[in-house]
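> okay, structure incoming, though there's no sequence with it:
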């Protein structure tokens, strides 16, 4: 069943996949079978890498990355599809996080939750899904192995300090070159000496290679507005993430960078503006390319709010297919979460 208006993009993906299959078939004949299988990757420590076959150097130089339309892609372009989604209290049926407010689902409810989330992910079929409010890696592994047929052999999640035991995690069809946790970063609101904050969950830094270019995703889930609200902490989190992104851009000038997740704040709010920045280095929120009627991810007592975001650096913005951006709504989403996911698709070109 196709619920999402992604036909043109998927047709382009099919054309690229068919061409790539010829090269893959030829290469497979000279590689050991074990090298063609990537185990479920686990990232559990600050600065640690995620295991998996098929990694690459992730480096390059130069290039603007502009690409043609879906009907006529350049031969060197590689598709990349991305989803960010708050999956709302995605706990399992075991008491195992140690969180002071941990939720333990019944076995039946845990299965229903997995099935509902998997139905959405299977329909959107992203290459990388960055998910918020996930209990731990075992939950991601169950989702992938039981419900998604092993479609996502790479996963990352570092347990942080949320009192409920919910974290930022990711599933990927593409190997991670590196996974870095920022859960122990210490920072203040810019211009102040305190208080000193940590991230409410984590800023999960994911590196992968696509189309010969380094892709860096920063998955976030900022402090919520639930009482007691702390807007200064939310803004400080955003300022810290933008500083991380700027440092990564300086170290890897040809990398494309996405900051994505649940910001718990609206467009034009101080945290979103802090991520965006200004001038030639400004990040843009791809969610604003979705149809206007769909530009919301959360229903707050009847007020439709865009509090989840995918913000991209200028280099990646030029590789976005604006027509691909999709924020689906409906009962099939609501069965899984009270947030809507954001889907986007890119044509990643190699540095030149």
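Right, received. Where do you want to start? All figures in this text were calculated on a predicted structure; none of them were measured in a lab.
> next, the contact list for residue 258, please.
82, 215-218, 310-313, 316 (CB atoms under 8 Å, 6 or more residues apart in numbering). All C-beta spots, glycine's among them, are computed from the backbone N, C-alpha and C.
> the helix or strand harbouring it pairs with which strands, and in what direction?
Residue 258 is part of strand 256-262, with elements assigned from DSSP states H and E. Strand 256-262 has the following sheet partners, assigned by DSSP bridges: strand 213-221 (parallel), strand 308-312 (antiparallel).
> would you mind giving those strands as CSV with mean pLDDT added?
Formatted as CSV, the strands paired with strand 256-262 follow (pLDDT from 0 to 100):
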stretch, mean pLDDT
strand 213-221, 98
strand 308-312, 98
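> any chance of those strands in JSON lines, plus mean neighbour count and distance to residue 133?
As requested, those are exported to JSON lines (neighbours: other CB atoms under 10 Å; distance: least, CB to CB, whole Å):
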{"stretch": "strand 213-221", "mean neighbour count": "26", "distance to residue 133": "7"}
{"stretch": "strand 308-312", "mean neighbour count": "25", "distance to residue 133": "12"}
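> out of those strands, which is closest to residue 244?
For those, proximity to residue 244 was assessed by CB to CB; strand 213-221 is nearest, at 6.4 Å.
> helices or strands next to whichever helix or strand comes after that closest one in the packing?
Note on strand 213-221: by DSSP H and E, the next helix or strand toward the C-terminus is helix 231-251. Where contact means 3 or more CB pairs under 8 Å, 6 or more residues apart in numbering; DSSP states H and E, helix 231-251 is packed against strand 203-210, strand 213-221, strand 256-262, helix 270-276.
> closest to residue 330 out of these?
strand 256-262 (19.8 Å).
> that closest one to strand 203-210, inter-axis angle?
Our comparison of strand 256-262 with strand 203-210, counting by axes from the mean of the first three to the mean of the last three CA atoms, to 10 degrees, yields an angle of 140 degrees.
> so what touches the helix or strand hosting residue 114?
Using DSSP H and E, residue 114 maps to helix 107-124. By CB under 8 Å, 6+ apart, the surrounding residues in contact with helix 107-124 are 1-4, 6, 81, 83, 85, 87, 90-93, 105, 129, 142-143, 146-148, 151, 171, 326, 328, 332-333, 335-337, 341, 343.
> mind putting the helices and strands packed on helix 231-251 into CSV with distance to residue 229?
Below are the helices and strands packed on helix 231-251 laid out as CSV (distance: least, CB to CB, whole Å):
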stretch, distance to residue 229
strand 203-210, 20
strand 213-221, 15
strand 256-262, 15
helix 270-276, 12
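> do you know which of the ones you listed lies nearest residue 195?
helix 270-276 (16.9 Å).
> and the helix or strand that that closest one is followed by, how far out from the chain's middle?
Using DSSP H and E, the next helix or strand after helix 270-276 towards the C-terminus is strand 284-285. Mean C-alpha position of strand 284-285 versus that of the full chain (CA atoms, centre = their mean, to the nearest Å) differs by 14 Å.
> can you tell me the centre-most residue of the chain?
Central residue of the chain (CA atoms, centre = their mean): residue 130, 3.0 Å from the mean position.
> and the helix or strand containing that residue, what does it pack onto?
Assessed by DSSP H and E, residue 130 sits inside strand 128-134. Counting contacts by 3+ CB pairs under 8 Å, 6+ apart, strand 128-134 is packed against strand 78-90, strand 167-172, strand 203-210, strand 213-221, strand 256-262.
> how many neighbours does residue 338 have?
As a burial measure, residue 338 scores 14 neighbours (other CB atoms under 10 Å).
> ok, it touching residue 297?
No - counting by CB atoms under 8 Å, residue 338 does not reach residue 297; the two are 9.5 Å apart.
> and for these two, which residues touch both?
Contact criterion CB under 8 Å, 6+ apart; residues shared by residue 338 and residue 297: residue 86.
> assumed residue 268 was part of a strand.
No - read with DSSP: H, G, I helix; E, B strand; the rest coil, residue 268 is coil and lies in no strand.
> circling back to that earlier point, for the strands paired with strand 256-262, give me JSON lines that also has distance to residue 200.
JSON lines is the format used below for the strands paired with strand 256-262 (distance: least, CB to CB, whole Å):
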{"stretch": "strand 213-221", "distance to residue 200": "7"}
{"stretch": "strand 308-312", "distance to residue 200": "15"}
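> hmm, who's touching stretch 221-240?
So stretch 221-240 is contacted by 86, 132-133, 166, 168, 182, 185, 187-190, 197, 199-203, 220, 261-265, 270-272, 274-275 (CB under 8 Å, 6+ apart).
> make it 7 Å
Contacts to stretch 221-240, defined as CB atoms under 7 Å, 6 or more residues apart in numbering, come from residues 132, 168, 185, 187-190, 197, 199-201, 261-265, 270-271, 274-275.
> just the buried ones out of these, please.
132, 168, 185, 187, 189, 197, 199-201, 261-265, 271, 274-275 (16 or more other CB atoms under 10 Å).
> who does residue 346 bridge with?
Assigned bridge partners for residue 346, using DSSP bridges, are residue 80, residue 320.
> show me what contacts it?
80, 316, 319-321.
> farthest pair in those?
316 and 321 (11.6 Å).
> higher neighbour count, those two?
residue 316 (26 against 22).
> re the thing from before, make CSV out of the contacts of residue 346 and add pLDDT and distance to residue 207.
Below are those laid out as CSV (pLDDT from 0 to 100; distance: CB to CB, whole Å):
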residue, pLDDT, distance to residue 207
80, 98, 13
316, 98, 14
319, 98, 17
320, 98, 20
321, 97, 23
